[in-house]
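Peer 1: coordinates for the following, if possible.
(chains A, B, C and D)
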2 protein chains.
Amino acid sequence: MPSLSASAYVVLGLLESGPATPYALDREIQRSVGHFWDFPRSQIYAEAARLVRRGLVTEEREAAGRRRRTLALTRAGRDTLAAWLTGPAEAATDVRDEGLLRLYFQQDAASDGEGVRRLAQAQVAAHRAKLAEYEAILVWAGAGDSAGVGPRFETPQAAALAFGMRFEELAVEFWTEVAEGGAGVVDPRGRGR
Amino acid sequence: MPSLSASAYVVLGLLESGPATPYALDREIQRSVGHFWDFPRSQIYAEAARLVRRGLVTEEREAAGRRRRTLALTRAGRDTLAAWLTGPAEAATDVRDEGLLRLYFQQDAASDGEGVRRLAQAQVAAHRAKLAEYEAILVWAGAGDSAGVGPRFETPQAAALAFGMRFEELAVEFWTEVAEGGAGVVDPRGRGR
DNA sequence: CCTATCATGTAATCCGTTACATGATTAT
DNA sequence: ATAATCATGTAACGGATTACATGATAGG
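Peer 2: Here you go, the predicted structure:
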């Protein structure tokens, strides 16, 4: 039996706090774990079907109307999840960023870095937007205010989201430098560190 | 005609510096653009086939022996690439990180954060390794040394790789804090910023 | 020469995305 | 009531990964 995909564990992980419909899972993914492991809603149906086949999840459907499903963890599902959570962690991070790709392929000579600058500005805007999203989520998640040693999150969940936020900060900083410096004037280790 | 995938543009982009075999492209992807848009070698064959169908790439095969292919950009391919490089950039970054996923799902209570600590330590090691990789690549790419205002890269390629490097630095920093603080003692905005 | 490693290709399968279709609910 | 939006499901297609198979080359 081939091992489960990370997406499968997302489903298992979310179901641990109780039964849910695929739609509800999707909502939760969007505002939390989707920031570092995203996939479309339709995928939840596919994953759920696989998990049911393996006996890790049960599925009940309404008889009438919308015929919606309710998914729930089985005992085996809970165990599988627990094993994954405590097992060895091999898989590396992978980042897919079309902006960096485009940056990479820009011709150095192309109109004195004008293209690079525009790309960089668009990226700054996009990452700022994502930053704002994180801020909203983290406030809602119960951060205190920002003075001094400052607020501390108390759950692993919050820590994971905090990473996402720092990533966006990094991206904003990076692309700002690129926009300012134009093509090819970037200090690889950042400024003032 | 549905638009090309980013992976397709990777192939086009690399072919711009001249014809190459799929294998050679793979090598180059591994040490450069693969850091922010990775895919397996077999995918190159698939992409190449699609690109040939669209007339963006030509393919020649040896008659004998290994029957290897040589891929080359057509005029149309060059144009398509140029259009992409200068067109609007919408797609957002997506990060897939199994480590963060696991962190997210850790039970706060689970043996006083022991699991979290071990996870974090493994992540630190993995990201340190990746950092070392970047350092090797960037040295080879022609960085100067590290004093003062310091070295400046002169190509967009180097800038893109520099981002990857900063990302790894961030990850090392983050997971180190998690390892030190244990489960749920993480300042979302970092320390000393 | 033999073995290990590099280089190359293909196919099967699985995963993921897009697109579509329709049932419920809320606002005007 | 009607339109808009939220909630829900499915199918088809295309993309990505794994596994396998084999040709060349270099080191011993």
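Peer 1: alpha carbons only for contacts and neighbour counts from here, please
Peer 2: Will do.
Peer 1: and the least confident helix or strand in chain A by mean pLDDT, what's buried?
Peer 2: Every helix and strand of chain A was ranked by mean pLDDT, DSSP states H and E. The lowest is helix A:114-140, at a mean of 88. By 16 or more other CA atoms under 10 Å in any protein chain shown, the buried positions in helix A:114-140 come out as A:115-124, A:126-128, A:130-131, A:134-135, A:137-138.
Peer 1: stretch A:19-27 too?
Peer 2: A:19-23, A:25-26.
Peer 1: ok so, going back, and the least confident helix or strand of chain A, how far out from the chain's middle?
Peer 2: Put simply, helix A:114-140 sits 15 Å off its chain's centre (CA atoms, centre = their mean, to the nearest Å).
Peer 1: quick one: is it near chain B?
Peer 2: Yes - judged by CA under 8 Å from any CA of the partner chain, helix A:114-140 comes into contact with chain B at A:115, A:119, A:122-123, A:126.
Peer 1: and which of the residues you listed is nearest to DNA strand C?
Peer 2: When those are ranked by distance to DNA strand C (CA to the nearest atom of the strand), A:Ala126 comes first, at 17.6 Å.
Peer 1: which elements pack onto the helix or strand encompassing A:Val178?
Peer 2: Using DSSP states H and E, A:Val178 sits in helix A:156-181. Contacts defined by 3 or more CA pairs under 8 Å, 6 or more residues apart in numbering or on different chains; DSSP states H and E place helix A:156-181 against helix A:114-140, helix B:98-105, helix B:156-181.
Peer 1: and of those helices, who's closest to A:Leu15?
Peer 2: helix B:98-105 (10.8 Å; CA to CA).
Peer 1: what residues go with each domain of chain A?
Peer 2: A:6-86, A:98-181 (automatic domain parsing).
Peer 1: any weak-confidence spans in chain A?
Peer 2: The model of chain A has pLDDT under 70 over residues A:1-2, A:65, A:108-112, A:140-153, A:182-193.
Peer 1: point out the residues in it that sit beside DNA strand C.
Peer 2: With the criterion set to CA under 7 Å from any atom of the strand, chain A comes near DNA strand C through A:4-5, A:7, A:38-43, A:46, A:64-66.
Peer 1: of those, closest to A:Ala76?
Peer 2: A:Leu4 (13.4 Å).
Peer 1: can you say which helix or strand has that closest one in it?
Peer 2: Going by DSSP H and E, A:Leu4 is not in any helix or strand.
Peer 1: hmm, back to that, using TSV, lay out the domains of chain A together with distance to DNA strand D.
Peer 2: TSV is the format used below for those (distance: least, CA to the nearest atom of the strand, whole Å):
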stretch	distance to DNA strand D
domain A:6-86	3
domain A:98-181	12
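Peer 1: okay, those, which one's buried deepest?
Peer 2: Highest mean neighbour count of the domains of chain A: domain A:98-181, a mean of 19 (counted as mean count of other CA atoms under 10 Å in any protein chain shown).
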